[in-house]
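>>> Let me see the structure of the following:
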Amino acid sequence: SLGCPGCPRKGGALKRTRDGEWGGWAHVVCTLFLPETGFLEPEALDRADGFGLIDPARKRLRCHLCPEAADRRVGAKIQCAHGRCLKAFHPTCGMARGLAMRITEGGNVGYCERHTPREFA
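I've put the predicted structure just below:
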């Protein structure tokens, strides 16, 4: 099945990437939540872009939700939006685990299990 340049998960809600780059497909959730990425056609959530701009430090983080140890460093991760929390996770892992992940005008955010704001619980 199809993969994503942002994470180790296969299949799921994928959209085309710009000009077929990075394997041709990317998860909608990875594209929306990785700060360097976005859609060239946002109304259609199509033509994912920006995966080449991902900060190398984001790729070095370890996903604390990945079931397979080998996958924890693959792709790019986001960090919990609560203060100085350092918990990191792939956007797809956060969605699969049911973490609070919200699209906001100030930027899209995700929270670890411990720091989920009450209004999201």
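>>> how far away is residue 43 from residue 87?
Distance of residue 43 to residue 87, computed by C-beta to C-beta, to the nearest Å: 33 Å. No exception for glycine: its C-beta is placed from N, CA and C like everyone else's.
>>> The two: who's more crowded?
residue 87 (22 against 6; other C-beta atoms under 10 Å).
>>> List the contacts of that one.
With contact set as C-beta atoms under 8 Å, 6 or more residues apart in numbering, residue 87 has these partners: 64, 79-80, 112, 114-115.
>>> Can you tell me which of the residues you listed are buried?
64, 79-80, 112, 115 (16 or more other C-beta atoms under 10 Å).
>>> and which of those is nearest to residue 55?
residue 79 (11.5 Å; C-beta to C-beta).
>>> Name the nearest residue to the closest one, ignoring sequence neighbours.
Nearest in space to residue 79, with sequence neighbours left out and distances taken as C-beta to C-beta, 6 or more residues apart in numbering, is residue 88 at 4.9 Å.
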